[in-house]
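Peer 1: everything below, folded, please.
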Amino acid sequence: MINAREKHPSTAGDPQPATGNQFTLGFYFQSLTRMLSSPARFFSELPQENGFVQPLGFLITSSIFFSAASMTTVAENRLIMAGIWLVNAVAMPMIMAGITFMVMTLSMGKRVAFQRLFSVYAFAAGVTLLASWIPLLVWITEPWKWFLVVLGLVKGCGFRWIQAILIAATAIFILILMLWSIGPVIAYLRY
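Peer 2: Predicted coordinates:
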């Protein structure tokens, strides 16, 4: 007869393995090291069901560093600007993941979970935020971020290279149109 502990080893009192619902600084530094050393392998090893907590924690941690470091580049309203940078750094990957999900669903009918798309954007943006606060490096970090996004779509979501490039380019185009269309509203509200 099989003992209940043998049948279900997870109930044996041993600690559970870390799941996608836990974020620690150890996870942050491990992920950062893996992303910098081998991003293709990192994205290909993303768990199928990784949840939102770990990618969001990674993104928020990098965003806090980015916002704090960016305060050294402005002379006035540092705290206000840091708050704006923080919100922008966290919100933009979410928005871009949503746009990518919409483009993917409408154009290809392919179904990749939103959590997976968000993970790709969160990890790609989180890594590049660490250097993005330096004003002249934006010319390097933005292309690097988009390369990481395309790589994540290929290795982590199963797209072909041409599909990933077209979806990312379309998402960027839609974002630019959205920002361009709300520009007059923001200008009106400022004055």
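Peer 1: is it true that residue 110 touches residue 103?
Peer 2: No. Using CB atoms under 8 Å, residue 110 is not in contact with residue 103, being 10.4 Å away. Just so you know, the C-beta spots here come from the backbone N, C-alpha and C atoms, and that holds for glycine as well.
Peer 1: count the neighbours of residue 102 for me.
Peer 2: 13 (other CB atoms under 10 Å).
Peer 1: what's it in contact with, if anything?
Peer 2: Listed by CB atoms under 8 Å, 6 or more residues apart in numbering, residue 102 has no contact partners.
Peer 1: who's more crowded, residue 110 and residue 103?
Peer 2: Shown here are residue 110 and residue 103; by other CB under 10 Å, residue 103 has more neighbours (18 against 12).
Peer 1: what helix or strand is the more buried one located in?
Peer 2: Using DSSP states H and E, residue 103 maps to helix 78-107.
Peer 1: and for residue 172?
Peer 2: helix 161-190.
Peer 1: and the angle for that helix with helix 78-107?
Peer 2: Helix 161-190 and helix 78-107 are oriented at 130 degrees to each other (axes from the mean of the first three to the mean of the last three CA atoms, to 10 degrees).
Peer 1: buried residues in helix 161-190?
Peer 2: 163-168, 170-171, 174 (16 or more other CB atoms under 10 Å).
Peer 1: check stretch 72-88 too.
Peer 2: Within stretch 72-88, the residues that qualify as buried are 82, 85-86, counting by 16+ other CB under 10 Å.
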